[in-house]
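Novice: Requesting a structural model of the entry that follows:
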Amino acid sequence: MAHTFHIPVLGLGYSIDTPLKVSRYGISSVVSIVDDELIERMRAYHSQKNFHAFRPITKSEKDYRAKRITAYLNFMHELIGAQCKALKQQPFEKGTDLYRYFELLPKSSPLKQGFDLMMSYPEGESKIALQHVLRNAIKLGSIDVNIMAKVDKMNYVDDEYTGDVNTDALSALRGFAQSDLCASVILSAGMNPKLYSYIENFEDFFPDATGKLKKKIILKVSDFRSALIQAKFLAKKGLWVSEFRIESGLNCGGHAFATEGYLLGPILEEFKIKKEEMLIELFDMYQSALATKGYAIEDKPKQRISVQGGIGTAKEHDFLLEHYNLDATGWGSPFLLVPEVTNVDSETLNHLANAEPSDFYLSGASPLGVLFNNFRNSSVEQQRMERIEKGRPGSPCTKKYLCNNTEFTEQAICTASRAYQHLKIKSLKEAELSEAEYQKQFDLVTEKVCLCEGLCSSNYLKYDMIKPKENKAVAICPGPNLAYFSDVYSFDEMVGHIYGRTNLLAGVERPHVFIKELNLYIDYLQEDIKKQFQSFSDKKRKQLNNFKSQLAEGITYYKSLFSQISDQAAIQLQELALLKGKLDQIVVE
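Specialist: Have a look, this model is predicted:
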């Protein structure tokens, strides 16, 4: 990688075309391939914008979902290739993409150092020769894709199940695997054995004659144990995990998958200590599995480790890379405030730039039944409340990507849908609950919102491509870290902030990324205890006590860490002491 950071997936639509904006500058980014309808519309939009021939892929075509994904990824690959070709032909002058490519690089980059050296040369043959070397050394950022492994809806045609290979996740994987990309698929949100096994069907995930992989696998993980279990499962099939992308359980955007009290610092420490041992163990399994398939490989493939979730300053970026020997960090939510990079409509962008910390909160809004980082000032929240007031809670379910409930129906429906919420509220009324319990259950049911449309609306609004009568309500899921960024920024400003060339948070009081996450976990524990108020089983009590113990161990780790490495140790140790007191006051009873 030319850069030491990547841009993770941001909802369905917010980073759907981010590679078209950043890849030519050597920055890798991640596209969601859940919504094939959004993907098809974006291919049509950018084809028209770039005078590119467009043939629609209709739902009547066989395997249309995979074909749409393949077509869009190939389109971006072709367009970015053309962008790079044009960039390389430009002069090394301010204002050109070529000049910008090198200006954006971190000072630690050999390419950046070579560029600075070239710019210091007088005009002549030596300068021209070095310019030629620099042009040939340019690398594009990767067009990576994300699949939420367990978002894997079964599909039907005329009430007939179309088969396991046509579920949503497997179709999406097939679309990526059949594309021309030399890139990675990021598998997130837990392990799906059916999906993981399906990867074996595609040659691009296996080494070529030189040992290289055209398609790579990245696992987004929240702890070492789950990472190793998933990687072993894949290695035994001859599939290599090229990167573990460690994400904070709570200090992140999108869906939040809390660990059992394991904090980011101790998790990174475990990876640091055990990564060589893990590499050897996985390679032995991988090599043996490949041998049975007729592949011979002697050299251990590269295995990267990166981290994302709540990183907010250049100091944190540099510290994480250096102290834990990481290959990269991920910067997601801050880029929602960079219109050049992501697709946030003007109204939502204004709300984000002027938001307070209390506007960002963990919610039960996702139909998946997983905690979801939400934004109070989003228009989808306003719409949700208006529908409840009108006695019509829930959303029309048009895309059906998150249909996973069969409580009232034979085929799964979405818990955010009007159909489900009507049936569920009817059953609550028949259950003869107390007024307080009924209201509590009613609120839990009606908290769900349609993410299939809500996470795409901003994209359509920004590009002025929303259809008549199409829902304009916007759902957005930034991490709590975004509260400390209070403006709209240029691409150059945000990259400069990551590398310490500028400071977008000058004068802003903001806790260290580790301390912020710790506070989020303590609040999470308190809320979990409240939920058990009426029925506290021995099993749950034990689980919560273990959770609390892990947090206490994390605090001990951070005390030692900050004492050794921090130039603000006194402040951070004081903050840790306050959080330790907050944790000690929690009684699991």
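Novice: could you list every residue that touches Asp359?
Specialist: Contacts for Asp359 were tallied using C-beta atoms under 8 Å, 6 or more residues apart in numbering; they are His351, Phe375, Arg376, Asn377, Ala483. In this view, the C-beta of every residue, glycine as well, is placed from N, C-alpha and C.
Novice: Grab the nearest non-local neighbour of the second one.
Specialist: Once flanking residues are discounted, Phe375 sits nearest to Ile476: 5.1 Å by C-beta to C-beta, 6 or more residues apart in numbering.
Novice: Would you report the backbone torsion angles of that neighbour?
Specialist: With angles defined as degrees, to the nearest 10, Ile476 sits at phi -140, psi 150.
Novice: And for Lys220?
Specialist: Lys220 adopts backbone torsions of phi -90, psi 120, taken as degrees, to the nearest 10.
Novice: Tally up the residues packed near it, please.
Specialist: Using other C-beta atoms under 10 Å, Lys220 has 26 neighbouring residues.
Novice: which residues touch it?
Specialist: The contact partners of Lys220, taken as C-beta under 8 Å, 6+ apart, are Asn146, Ile186, Leu187, Ser188, Ala189, Arg245, Glu247.
Novice: The third one belongs to a helix, doesn't it?
Specialist: Looking back up the chat, that one is Leu187. No. In this structure, Leu187 is strand, not part of a helix, as judged by DSSP: H, G, I helix; E, B strand; the rest coil.
Novice: The spatially closest residue to it that is not a sequence neighbour: neighbour count?
Specialist: Counting by C-beta to C-beta, 6+ apart, Leu187 lies nearest to Ala149, which is 5.1 Å off, once chain neighbours are set aside. With neighbours defined by other C-beta under 10 Å, the count for Ala149 comes to 22.
Novice: what's the pLDDT at Ala149?
Specialist: pLDDT, the model's per-residue confidence, is 90 for Ala149.
Novice: mind starting the numbering at 57 from now?
Specialist: In the new count, where the first residue is 57, that last one comes out as Ala205.
Novice: So what does it look like in phi/psi?
Specialist: Taking degrees, to the nearest 10, you get phi -60, psi -40 for the backbone angles of Ala205.
Novice: Same check on Asn202?
Specialist: The phi and psi values for Asn202, taken as degrees, to the nearest 10, are phi -120, psi 130.
Novice: Need the nearest residue in space to it, chain neighbours excluded.
Specialist: In space, not counting the residues next to it along the chain, Asn202 is nearest to Val65; the distance is 4.0 Å by C-beta to C-beta, 6+ apart.
Novice: Check the contact between the one you found and Val87; I expect there is one.
Specialist: Yes. Here Val65 lies in contact with Val87, judged by C-beta atoms under 8 Å, at a distance of 6.8 Å.
Novice: Spell out which residues are contacts of both of the two.
Specialist: Counting by C-beta under 8 Å, 6+ apart, the shared contacts of Val65 and Val87 are Ser71, Asn202.
Novice: Would you state the strands of the stretch 357-506 of the chain in chain order?
Specialist: Assignment of strands within the stretch 357-506 of the chain using DSSP state E, counting those that start in this stretch yields the ranges 360-364, 384-386, 416-419, 428-431.
Novice: can you tell me which of these comes nearest to Leu500?
Specialist: With C-beta to C-beta as the measure, strand 416-419 is the member of the strands of the stretch 357-506 of the chain nearest Leu500 (10.9 Å).
Novice: Check what contacts that closest one and list those residues.
Specialist: Residues external to strand 416-419 that are found in contact with it (C-beta under 8 Å, 6+ apart): 306, 312, 427-432, 503, 534-536, 538-539, 580.
Novice: What pairs with it, parallel or antiparallel?
Specialist: Its sheet considered, strand 416-419 pairs with strand 428-431 (antiparallel) by DSSP bridges.
Novice: Give me the contact list for the partner strand.
Specialist: Strand 428-431 has contacts (C-beta under 8 Å, 6+ apart) with 308-312, 407-408, 411, 415-422, 437, 532-536.
Novice: Do you know the pLDDT at the residue of the chain positioned farthest from its centre?
Specialist: With distances taken from the mean C-alpha point of the chain and given as C-alpha atoms, centre = their mean, the most distant residue is Gly180, at 46.5 Å. pLDDT, Gly180: 93.
Novice: In a markdown table: the strands of the stretch 357-506 of the chain, plus mean neighbour count and mean pLDDT.
Specialist: What follows is the strands of the stretch 357-506 of the chain, written out as a markdown table (neighbours: other C-beta atoms under 10 Å; pLDDT from 0 to 100):
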| stretch | mean neighbour count | mean pLDDT |
| --- | --- | --- |
| strand 360-364 | 22 | 98 |
| strand 384-386 | 21 | 98 |
| strand 416-419 | 17 | 94 |
| strand 428-431 | 23 | 94 |
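Novice: so can I have TSV of those strands showing distance to Ala475?
Specialist: Putting the strands of the stretch 357-506 of the chain into TSV (distance: least, C-beta to C-beta, whole Å) gives the following:
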stretch	distance to Ala475
strand 360-364	36
strand 384-386	37
strand 416-419	22
strand 428-431	21
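Novice: Relative to Asn602, which of the ones you listed is closest?
Specialist: Closest to Asn602 of those, according to C-beta to C-beta: strand 416-419, at 20.8 Å.
Novice: Please export the alpha-carbon coordinates of the closest one; PDB is fine.
Specialist: These are the backbone C-alpha positions of strand 416-419, laid out as PDB (Å, rounded to 0.1, in the frame of the first residue of the first chain):
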ATOM      1  CA  PHE A 416     -24.600   9.700  18.500                       C
ATOM      2  CA  TYR A 417     -25.900   6.600  20.300                       C
ATOM      3  CA  LEU A 418     -26.300   2.800  20.300                       C
ATOM      4  CA  SER A 419     -29.700   1.800  19.200                       C
END
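Novice: Off-centre distance for that strand?
Specialist: A distance of 17 Å separates the centroid of the chain from that of strand 416-419, by C-alpha atoms, centre = their mean, to the nearest Å.
Novice: And for stretch 481-494?
Specialist: Between the mean C-alpha point of stretch 481-494 and the mean C-alpha point of its chain there is a distance of 38 Å (C-alpha atoms, centre = their mean).
Novice: Give me the residues contacting stretch 574-592.
Specialist: Surrounding stretch 574-592, the residues in contact under the criterion C-beta under 8 Å, 6+ apart are 305-307, 314, 317, 319, 418, 536, 567, 596, 600, 603-604, 607, 610-611, 614, 632, 635, 638-639, 642, 644-645.
Novice: which of these count as buried?
Specialist: Burial by neighbour count, 16 or more other C-beta atoms under 10 Å: within those this picks out 305-307, 314, 317, 319, 418, 536, 567, 600, 603-604, 607, 610-611, 614, 632, 635, 639, 644.
Novice: Which ones among these lie within strands?
Specialist: Among those, the members falling in strands (DSSP state E) are Leu418.
Novice: Now, the buried ones among the contacts of stretch 574-592 that are in helices?
Specialist: Here DSSP state H is the test, and the buried ones among the contacts of stretch 574-592 give Leu600, Phe603, Lys604, Leu607, Gly610, Ile611, Tyr614, Leu632, Leu635, Leu639 as lying in helices.
Novice: Roughly how far does the closest residue to the fifth one other than its chain neighbours sit from Ser542?
Specialist: Same thing as Gly610. If the residues on either side of it in the chain are set aside, Gly610 comes closest to Leu319, at 3.7 Å by C-beta to C-beta, 6+ apart. The spacing between Leu319 and Ser542, counted by C-beta to C-beta, to the nearest Å, is 27 Å.
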